[in-house]
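Colleague: Have a look at this fold, sequence not included:
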């Protein structure tokens, strides 16, 4: 069954996102008003070193009042290449400049409400360039053994679905299922 977006209008807008109200027609002909958020793409990056440790950030999210492990991430600026944005975010938030980035996966974390696509990248190398420019983004940055990721996700220590998906895929790619 396909819903049809007949029209939408912006009810709030800032430089990061727009809140729109859509007139949606359901397959049976009924209409409903549906709010949605239009958001820029999000670029995410990390590195897995030769010891199979992944670079993570420990941060507090005031919206949910929760702490958790995350990857460096941020919105893609107008005209910016997504991969370049991922590298920029990693450098700004961790102080590590990634080597060549490889696409990991693209996810839509809340596609019933938000149109944002999160593009995750990873590298097998990085160079430490100094204290992170955006050190306010996290309390600490640590190299965590990739083998610990499944248990961390199961305990809720990686609360963001996009981050959990990316980390579990990296775990699978680097260490297999065992």
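Modeller: It's in. Note that this is a predicted model, so its numbers are computed, not measured. Residues are numbered from 1 along each chain as shown.
Colleague: show me where this structure has strands.
Modeller: For the chain, strands defined by DSSP state E occupy the ranges 4-13, 17-25, 31-39, 42-47, 53-61, 66-70, 72-75, 96-98, 102-107, 118-123, 126-128, 140-145.
Colleague: Of those, give the one that comes closest to residue 151.
Modeller: Go through the strands of the chain one by one with C-beta to C-beta and the one that ends up closest to residue 151 is strand 140-145, at 10.6 Å. Quick note: C-beta positions are derived from backbone N, CA and C, even for glycine.
Colleague: What about residue 78, how many residues nearby?
Modeller: Using other C-beta atoms under 10 Å as the criterion, residue 78 is surrounded by 7 other residues.
Colleague: quick one: it from residue 93, how far?
Modeller: Plainly put, residue 78 is 20 Å away from residue 93 if you go by C-beta to C-beta, to the nearest Å.
Colleague: Ok, residue 172 next?
Modeller: Using C-beta to C-beta, one obtains 25 Å as the distance from residue 172 to residue 93.
Colleague: Which one's more surrounded, those two?
Modeller: For residue 172 and residue 93, the more surrounded residue by other C-beta under 10 Å is residue 93, and the numbers stand at 25 against 13.
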